[in-house]
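Asker: Sequence isn't available, so here's the structure alone:
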């Protein structure tokens, strides 16, 4: 049976050592726009430690100079999500 995820989504949620249940991956994708808004407004404390840990493990966010920022993987995923919804 083919996977319901696109190849880029499959890679993002199943990187070696970082596999997540599909429902958790769906939650992370759903929360990504909120997460990005929190980062833009410098309110990372509103994201939640559990989400941050998963985003970092999946290479969607990274720690830089004591703060969080979106990685290239995170930016690409967000862009792909916007193209699909737009």
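Answerer: Now that the structure is in, tell me what you want to look at. Being a predicted model, the structure only gives us computed values, none of them experimental.
Asker: Go ahead and confirm residue 38 touches residue 51.
Answerer: No. Shown here, residue 38 and residue 51 do not form a contact pair, counting by C-beta atoms under 8 Å, at 9.8 Å. Where you see a C-beta, it was placed from the backbone N, CA and C, and this is true even at glycine.
Asker: ranges for the helices of the chain?
Answerer: If you assign secondary structure with DSSP state H, the helices in the chain sit at 7-13, 22-40, 49-57, 72-85.
Asker: the inter-axis angle of the second one versus helix 72-85?
Answerer: With axes from the mean of the first three to the mean of the last three C-alpha atoms, to 10 degrees defining the directions, helix 22-40 sits at 100 degrees from helix 72-85.
Asker: Now do helix 22-40: which elements does it pack against?
Answerer: Counting contacts by 3 or more C-beta pairs under 8 Å, 6 or more residues apart in numbering; DSSP states H and E, helix 22-40 is packed against helix 7-13, helix 49-57, strand 67-70, helix 72-85.
Asker: okay, these in TSV with mean neighbour count and mean pLDDT next?
Answerer: Conversion of those to TSV gives the following (neighbours: other C-beta atoms under 10 Å; pLDDT from 0 to 100):
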stretch	mean neighbour count	mean pLDDT
helix 7-13	15	43
helix 49-57	15	95
strand 67-70	15	95
helix 72-85	13	90
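Asker: Which one of these lies nearest to residue 32?
Answerer: Of all the helices and strands packed on helix 22-40, the one in closest proximity to residue 32, counting by C-beta to C-beta, is helix 72-85 (5.8 Å).
Asker: Just give me how far the closest one sits from the chain centre.
Answerer: 10 Å (C-alpha atoms, centre = their mean, to the nearest Å).
Asker: Against which helices or strands is it packed?
Answerer: Of the remaining helices and strands, those touching helix 72-85 by 3+ C-beta pairs under 8 Å, 6+ apart are helix 7-13, helix 22-40.
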